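Asks: model this:
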Amino acid sequence: MLRVGFYQFRPLFGQVDRNLQKILETLKQVEADLVVLPELAFTGYHFKNRAEVGALAEDPERSATLDSLQELCKER
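Replies: Here you go, the predicted structure:
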């Protein structure tokens, strides 16, 4: 049986580290095989322009956010 869950919350715009910590703390307590997060869960919404998007974007090959999520998955 596959356990699927979702975590809906309001990410704070531009606060990637804070949003990531909130997600990690919450998911450490969740018993699920797959958890779906909201769109733009780490950066938040309401970008003013493309430059703002670029400033918050991460390269998936060197992403501290993805590294943290992968580590959580290995632990769980």
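
Asks: where exactly do the helices run in this structure?
Replies: In the chain, the helices defined using DSSP state H lie at 16-27, 50-56, 64-75.

Asks: Would you tell me which of these gets closest to residue 7?
Replies: Evaluated with C-beta to C-beta, those place helix 16-27 nearest to residue 7, the distance being 5.9 Å. Yep, even glycine has a C-beta here, placed from its N, CA and C like the rest.

Asks: Give me the contacts around that closest one.
Replies: 7, 9, 11-12, 35, 37, 41-44, 56, 65, 68-69, 72, 76 (C-beta atoms under 8 Å, 6 or more residues apart in numbering).

Asks: hang on, the earlier thing: so which of the helices of the chain is the most surrounded?
Replies: helix 16-27 (a mean of 15; mean count of other C-beta atoms under 10 Å).

Asks: and the angle from it to helix 64-75?
Replies: Interaxial angle of helix 16-27 relative to helix 64-75 (axes from the mean of the first three to the mean of the last three C-alpha atoms, to 10 degrees): 10 degrees.

Asks: who touches residue 14 in this structure?
Replies: 43-44, 56.

Asks: nope, residue 33 is what I was after
Replies: Counting by C-beta under 8 Å, 6+ apart, residue 33 makes contact with 2-4.
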